[in-house]
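Student: one predicted model, sequence on top.
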Amino acid sequence: MTDARLRRQRLVCCAYFALAGITMALWGARLPAVQARLHLDTASLSAGLFSAAAGMAVGLTAGGRLGDRVGAQRLQRPAALALAVALADLGIADSTAWFLAACAVFGCFHGVLDVSMNTVATRCQAAYGRPILQSIHGTYSVGALAGSLTAALSADLPVGAVFCTAALALALATATLPALSAPTNPPPGPRPVRSGRPPAALLALGAVAGCSLLGEGAAADWSAIQMHTLAHAAPTTAALAYSTYSAAMAASRLAGDRITGRLGVVRLVRYGAGAAFAGLATVLLVPAPAVGLIGWAAFGAGLSAVVPAAVSAAACLRPGRAGSDIALVTATGYLGMVLGPAAIGALATTATLSAALALPAAGALAITAASRVLRPHQEHTV
């Protein structure tokens, strides 16, 4: 593949990640408006989130297997278009049953898009012969920030109009992206495992991703609450906690490829997770607004490399089944994001919020201990 085609493929990968980030941020930020419009109680809203999570698990599994058969690059455009339609469907849902079904469909197509994007991106990285996955994932974070800003600016508009307009814009943007032809050779790596069961290393990669996304879920759901209740920050300052976390993660991912080239992925993840642990520990031990913002930023920057590294290592472990293996790792990771915040809430009610937030801190510490599992990525793609 020529250098020009490789650069174009990388740009298209970044575009898909950014569009996915925008879509998910819009959905998450305007979810309270959907709840208010449909008069959903807490149980119905929780059921919708569970439906989305279940749909995503199905989409990840099906998308990974189908991508291994027909080529992941062939799934990106239809999955992105279907996700845009599903976003509009969520905006116009007028009953609880419709909402639950729309959540399941939305989650399913997000799963297909997620695994196909990551599979194509790891193949692109292998063709480059050097780390590029961190910066590609960074565009997802940038897209999420853009989506959050769009949601904030449109907060006074009807959620149905916002979702339908955004869906049209996202679909038009997707339609303009050029088609991709993935590299014919899979990423280099060890000899394929003949057993149908996932190797232990793949399960360990999923656990590492789960610990990282547990931290991401904790930051999304609990950082503002921690800042307000424990650090006694003003509501505006407390709301900045997740913004600083997200901005630090995006900036670190955009710079992560160069750092990976210098340190290697194992040391980058180990040092980063150690910094994440130190940042969150400082937040809990020194409950002050300024310290909290710095600590949450350190937590985001420290965890930024973990999921891209786990995805890249999964793609190298069994090249012929890269899509299925990436799906397993990401599904396990998202399980941590879904269950982690709920576990923190349960611990906070029985103990204290500070004690509960020790859970994501312990997850960061576990990543430092398990960082060696990422060595296949270091040996075969750096």
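Tutor: It's in.
Student: my read is that A29 contacts L153, right?
Tutor: No: counting by C-beta atoms under 8 Å, A29 sits too far from L153 to count as a contact (10.6 Å). All C-beta atoms are positioned from the backbone trio N, CA, C, and that covers glycine.
Student: so the two - more neighbours on which side?
Tutor: Higher neighbour count among A29 and L153: A29, with 19 against 10, using other C-beta atoms under 10 Å.
Student: for that one, what are its contacts?
Tutor: Going by C-beta atoms under 8 Å, 6 or more residues apart in numbering, A29 touches 147-148, 151-152.
Student: can you do 10 Å?
Tutor: Going by C-beta atoms under 10 Å, 6 or more residues apart in numbering, A29 touches 144, 147-152, 154-155, 162.
Student: filter the residues you listed down to the buried ones and hand me the PyMOL line.
Tutor: Typed into PyMOL, the next command selects the buried ones out of the contacts of A29 (criterion: 16 or more other C-beta atoms under 10 Å):
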select buried, resi 144+147+148+150+151+154+162
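Student: including pLDDT, secondary structure and distance to R270, could the contacts of A29 go into TSV?
Tutor: Converted to TSV, these look like this (pLDDT from 0 to 100; DSSP: H, G, I helix; E, B strand; the rest coil; distance: C-beta to C-beta, whole Å):
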residue	pLDDT	secondary structure	distance to R270
A144	85	helix	26
G147	86	helix	31
S148	80	helix	30
L149	82	helix	33
T150	87	helix	36
A151	85	helix	35
A152	80	helix	36
S154	86	coil	41
A155	81	coil	41
V162	93	helix	42
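Student: closest one of the contacts of A29 to A93?
Tutor: Ranked by distance to A93 (C-beta to C-beta), these are led by V162 at 13.7 Å.
Student: is it true that that closest one touches A152?
Tutor: No: assessed by C-beta atoms under 10 Å, V162 is found out of contact with A152, at 11.3 Å.
Student: give me the common contacts of those two.
Tutor: 29-30.
Student: would you turn the contacts of A29 into CSV with distance to A88?
Tutor: Output for the contacts of A29, formatted as CSV (distance: C-beta to C-beta, whole Å):
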residue, distance to A88
A144, 19
G147, 15
S148, 19
L149, 20
T150, 15
A151, 15
A152, 20
S154, 15
A155, 19
V162, 10
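Student: the stretch 201-350 of the chain: helices as residue ranges?
Tutor: Remark: helices assigned in the stretch 201-350 of the chain by DSSP state H, counting those that start in this stretch are 235-263, 265-285, 289-303, 306-317, 322-350.
Student: for the host helix or strand of Q134, name the packing helices and strands.
Tutor: According to DSSP states H and E, Q134 maps onto helix 133-153. Secondary-structure packing of helix 133-153 (3 or more C-beta pairs under 10 Å, 6 or more residues apart in numbering; DSSP states H and E): helix 3-38, helix 96-128, helix 159-176, helix 235-263, helix 265-285, helix 306-317.
Student: orientation of the longest one relative to helix 235-263 in degrees?
Tutor: What that stands for is helix 3-38. Using axes from the mean of the first three to the mean of the last three C-alpha atoms, to 10 degrees, the inter-axis angle of helix 3-38 relative to helix 235-263 is 160 degrees.
Student: could you chop the protein up by domain?
Tutor: With domains defined by automatic domain parsing, the chain comprises 3-176, 200-381.
Student: any idea of the mean pLDDT in the longest one?
Tutor: Pointing back at domain 200-381 there. Domain 200-381 shows a mean pLDDT of 89.
Student: tell me the gap between it and the middle of its chain.
Tutor: Taking C-alpha atoms, centre = their mean, to the nearest Å, one finds domain 200-381 lying 11 Å from the centre of the chain it belongs to.
Student: CA atoms only for stretch 272-280 - export them in CSV, please.
Tutor: Provided in CSV are the C-alpha atoms of stretch 272-280 (Å, rounded to 0.1, in the frame of the first residue of the first chain):
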residue,chain,number,x,y,z
GLY,A,272,0.5,6.0,33.1
ALA,A,273,-1.6,3.7,35.3
GLY,A,274,0.7,4.6,38.2
ALA,A,275,0.1,8.3,37.5
ALA,A,276,-3.7,7.6,37.4
PHE,A,277,-3.5,5.9,40.8
ALA,A,278,-1.5,8.8,42.3
GLY,A,279,-3.9,11.4,40.8
LEU,A,280,-7.1,9.7,42.1
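Student: what sits against the spatially closest residue to V373 that is not a sequence neighbour?
Tutor: The shortest distance from V373 to any non-neighbouring residue, by C-beta to C-beta, 6 or more residues apart in numbering, is to A204 (4.4 Å). Applying C-beta under 10 Å, 6+ apart, we find A204 in contact with 310, 313, 329, 332, 370, 372-374.
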